[in-house]
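>>> missing the sequence, but the structure's below:
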């Protein structure tokens, strides 16, 4: 799965769900990255970034998958299903997702998402699901999908800021978020996918926000798995420059 984004007129190439066995000449000359690889084999002259993620196996029967979750996760999913205020939307519109995500991202100092970003990913290479309240998304998940490898990757998870001062809605939204993950798994399993990648897991996290995200993901009891990003010399240089400019 290839995503091409242009920065200052330079095409930046990102491969997902691909094993970098034999990069072509363009991969060496242009800013190229192989993202979230499960193989520890680094292409010659590329640089490696080592991280972790959690993987949920979607091949067992639904009931076995559900029972593998923590007791707390199962309880909250059931409470979310019984709540009745939220509905699962498996066809969320991009124009509804973007303002919700950008408000969420801006509050956390993260990069914004645009229509061009979606176009760079490409139709058919991502899915947008949401948990809706009164016809509007409250929780959104954006997944990269690879039918060839049977893998889905949680690229973005975002929630509305409209109810952050409402304790009851915050709690209910938490239940709705768990329901959305579970219904997403059921959807992908039914469509032949076998691996649900939680989009990263930060070991030894020190920031409270990241610790909370880790705790949430752990309750689904995914398998801790090493993953690797491989950067061409040109891409690695751009990454170093970008980090220096952020400081």
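Everything's here; your move. Worth saying up front: this structure is predicted, and the values here are computed from it rather than measured.

>>> show me where the protein has strands.
2-7, 10-16, 32-37, 47-57, 86-89, 126-133, 136-146, 151-159, 195-197, 223-231 (DSSP state E).

>>> Give me the domain ranges for the chain.
What automatic domain parsing lists as the domains of the chain is 2-52+228-246, 54-224.

>>> I'd like these laid out as a markdown table, including mean neighbour count and mean pLDDT.
All C-beta spots, glycine's among them, are computed from the backbone N, C-alpha and C. What follows is these, written out as a markdown table (neighbours: other CB atoms under 10 Å; pLDDT from 0 to 100):
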| stretch | mean neighbour count | mean pLDDT |
| --- | --- | --- |
| domain 2-52+228-246 | 15 | 81 |
| domain 54-224 | 16 | 93 |
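
>>> quick one on the thing from earlier: and residue 113, which of the strands of the chain is closest to it?
strand 151-159 (7.2 Å; CB to CB).

>>> tell me the angle of the closest one relative to strand 47-57?
Orientation of strand 151-159 against strand 47-57 (axes from the mean of the first three to the mean of the last three CA atoms, to 10 degrees) gives an angle of 90 degrees.

>>> in its sheet, what does strand 151-159 sit against?
Applying DSSP bridges to the sheet, strand 151-159 is found paired with strand 136-146 (antiparallel), strand 195-197 (parallel).

>>> Rebuild those as a markdown table, extending it with distance to residue 226.
Below are the strands paired with strand 151-159 laid out as a markdown table (distance: least, CB to CB, whole Å):
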| stretch | distance to residue 226 |
| --- | --- |
| strand 136-146 | 19 |
| strand 195-197 | 13 |
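
>>> Which one of the ones you listed lies nearest to residue 54?
strand 195-197 (7.8 Å).

>>> which residues does residue 3 contact?
Residues near residue 3 by CB atoms under 8 Å, 6 or more residues apart in numbering: 13, 14, 15, 16, 120, 121, 122, 125.

>>> The spatially closest residue to it that is not a sequence neighbour pairs with what?
Residue nearest to residue 3 in three dimensions, not counting chain neighbours: residue 14, with 4.6 Å by CB to CB, 6 or more residues apart in numbering. Residues in a beta bridge with residue 14, per DSSP bridges, are residue 3, residue 33.

>>> who's in contact with residue 14?
Here residue 14 is in contact with 2, 3, 4, 5, 32, 33, 34, 35 (criterion: CB under 8 Å, 6+ apart).

>>> Select the longest helix from this structure.
Under DSSP state H, the helix in the chain containing the largest number of residues is helix 167-190.

>>> Could you give the separation of that one from the chain centroid?
15 Å (CA atoms, centre = their mean, to the nearest Å).

>>> sorry, back to before: out of the contacts of residue 14, what pair is the most spread apart?
Of all pairs in the contacts of residue 14, the most separated under CB to CB is 5 and 34 at 15.1 Å.
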